[in-house]
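S.K.: Got a predicted model here, sequence first, then my questions.
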Protein chains: 2
Amino acid sequence: MTSTSPGLAARAARGVEPPASASGAPVESDLGWALGVVFRRYAKASAAALEGLPGGPRGYQVLATTNAEGPKRQLDLAAQLGVDRTVMTYLLDDLEKAGLVQRRPDPADRRARLIAPTDQGVEALCDLERRLRTTEEEVLGILDESERASFRLLLQRVAVRANAVDPLHNACALAETDDVLKT
Amino acid sequence: MTSTSPGLAARAARGVEPPASASGAPVESDLGWALGVVFRRYAKASAAALEGLPGGPRGYQVLATTNAEGPKRQLDLAAQLGVDRTVMTYLLDDLEKAGLVQRRPDPADRRARLIAPTDQGVEALCDLERRLRTTEEEVLGILDESERASFRLLLQRVAVRANAVDPLHNACALAETDDVLKT
DNA sequence: TATTGTTATACTCTATAACTATA
DNA sequence: TATAGTTATAGAGTATAACAATA
């Protein structure tokens, strides 16, 4: 996941010289810089955790979603995950080849196919989730228990707000939105 | 981390099993989800703020860096910003065409060129920084003053740590690390 | 005629290598 | 010979459009 789109608008400045005051902005607490660094760190770490999984983060999302919410049609799944339906085709091809998901005909509509994880897929998902939780703790490792909780809470509020402003449509935004909102 | 699966590997399998609840992990407060959403929201908002600037965030970085630290050789600039030197060529072509930066011969080495912002470039930079600060406030808008401060602080600590673990090298994460650490 | 899923095509980014002009 | 910058080429990733089967 990396850098899709335009990268972040991180502020520049480095080098031997002190960042300098630039054209007026102190650049002190640079949100863009911090967000970019943390995001990329997490992305990299979780990519490592998802090593070998076809489709990487997206493959994980397919597994997690179909496992949690039951069999889904490709188009619905694609919409929910914010990926193009053509991408979903390739992604499922790979996951199916790996024996992690299964395409089966939708009895209600012979055009459609229902996607469900295989036993092996569920097993793999279990393992992946364990690894991902470890990854999270690693990333937040510098914070103590209560700080970690505060951070998660604040970040979550900002995220829920951001998601409301511009509803997902981003590749990695899962659909726990409802869940989060309830919290 | 491509498509094929070593560890989880393939081997056709089946699995006709229904959804099942979760594989064990509640996925409750998903750090990845929140980080992704917030990051993308900020990236999108700042991209909008940088609308029309050649190279987008990278164009901004070039302006900010050369303005803050003085004229730089292309290769140094590329290394500092974490972009390929060939990309830097295209980027500077665009910025120069827009009249925002200037390539001038390095008196010390006739092979090299020094990059500096034009007056117009400095002016543009000023404006861009103003807009970016507005963007930051928008993204954090849901939090009140003190929460915002807490969040920035916690995020910054996580970021500094993350950056130390895996020093930049990412296109947009520049290096105010030193500065931040001092803070 | 509209929709599901697939396939084929094109476009964007980035990375690699080759080329020039200097050193 | 090595380096700064440029240009050309090839690859991943994604988006667009056309297609077959069904509704």
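M.R.: Received the coordinates, thanks. Numbers count the residues shown, from 1 in each chain, chains lettered A, B, ... in the order given.
S.K.: for the closest residue to A:Ala34 other than its chain neighbours, what are its contacts?
M.R.: Sequence neighbours aside, B:Ala159 is the residue nearest to A:Ala34 in space, at 3.8 Å (criterion: Cβ to Cβ, 6 or more residues apart in numbering or on different chains). All C-beta spots, glycine's among them, are computed from the backbone N, C-alpha and C. Counting by Cβ atoms under 8 Å, 6 or more residues apart in numbering or on different chains, B:Ala159 touches A:Trp33, A:Ala34, A:Leu35, A:Val37, A:Val38, B:Val180.
S.K.: Would you mind checking those for buried ones?
M.R.: Among the contacts of B:Ala159, those classed as buried by 16 or more other Cβ atoms under 10 Å in any protein chain shown are A:Trp33, A:Ala34, A:Leu35, A:Val37, A:Val38, B:Val180.
S.K.: A:Leu77 and A:Arg85 touch, don't they?
M.R.: No: between A:Leu77 and A:Arg85 there is no contact under Cβ atoms under 8 Å: 9.1 Å.
S.K.: so can I have TSV of the buried ones among the contacts of B:Ala159 showing secondary structure?
M.R.: Formatted as TSV, the buried ones among the contacts of B:Ala159 follow (DSSP: H, G, I helix; E, B strand; the rest coil):
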residue	secondary structure
A:Trp33	helix
A:Ala34	helix
A:Leu35	helix
A:Val37	helix
A:Val38	helix
B:Val180	helix
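S.K.: More neighbours: which of A:Leu77 and A:Arg85?
M.R.: Shown here are A:Leu77 and A:Arg85; by other Cβ atoms under 10 Å in any protein chain shown, A:Leu77 has more neighbours (22 against 11).
S.K.: Am I right that the more buried one is in a helix?
M.R.: Yes: counting by three-state DSSP, A:Leu77 is part of a helix.
S.K.: got a list of what it touches?
M.R.: A:Val62, A:Thr65, A:Thr66, A:Met88, A:Ile115 are the contacts of A:Leu77 under Cβ under 8 Å, 6+ apart.
S.K.: what does A:Leu50 give?
M.R.: Shown in contact with A:Leu50 (Cβ under 8 Å, 6+ apart): A:Gly56, A:Pro57, A:Gly59, A:Tyr60, A:Leu128, A:Arg131, A:Leu132, B:Met1.
S.K.: A:Thr134: how many residues sit nearby?
M.R.: For A:Thr134, the count of nearby residues is 12 (other Cβ under 10 Å).
S.K.: Next: A:Ser46.
M.R.: There are 24 residues near A:Ser46, going by other Cβ under 10 Å.
S.K.: mind checking which helix or strand it is in?
M.R.: helix A:31-49 (DSSP states H and E).
S.K.: immediately after that helix, which helix or strand?
M.R.: Sequence-wise, the next helix or strand downstream of helix A:31-49 (DSSP H and E) is helix A:57-69.
S.K.: per-residue confidence averaged over that next one?
M.R.: Averaging pLDDT along helix A:57-69 gives 94.
S.K.: How far away from the center of its chain is the next helix or strand after that helix?
M.R.: Sequence order places strand A:72-73 as the next helix or strand after helix A:57-69, per DSSP H and E. Offset of strand A:72-73 from its chain centre (Cα atoms, centre = their mean, to the nearest Å): 20 Å.
S.K.: Against DNA strand D - does strand A:72-73 have any residue that ends up touching it?
M.R.: No: Strand A:72-73 stays clear of DNA strand D (Cβ under 7 Å from any atom of the strand), getting no nearer than 12.3 Å.
S.K.: quick one: is that strand near DNA strand C?
M.R.: Yes: looking at strand A:72-73 against DNA strand C by Cβ under 7 Å from any atom of the strand, the contacts come from A:Arg73.
S.K.: Perfect, that will be all.
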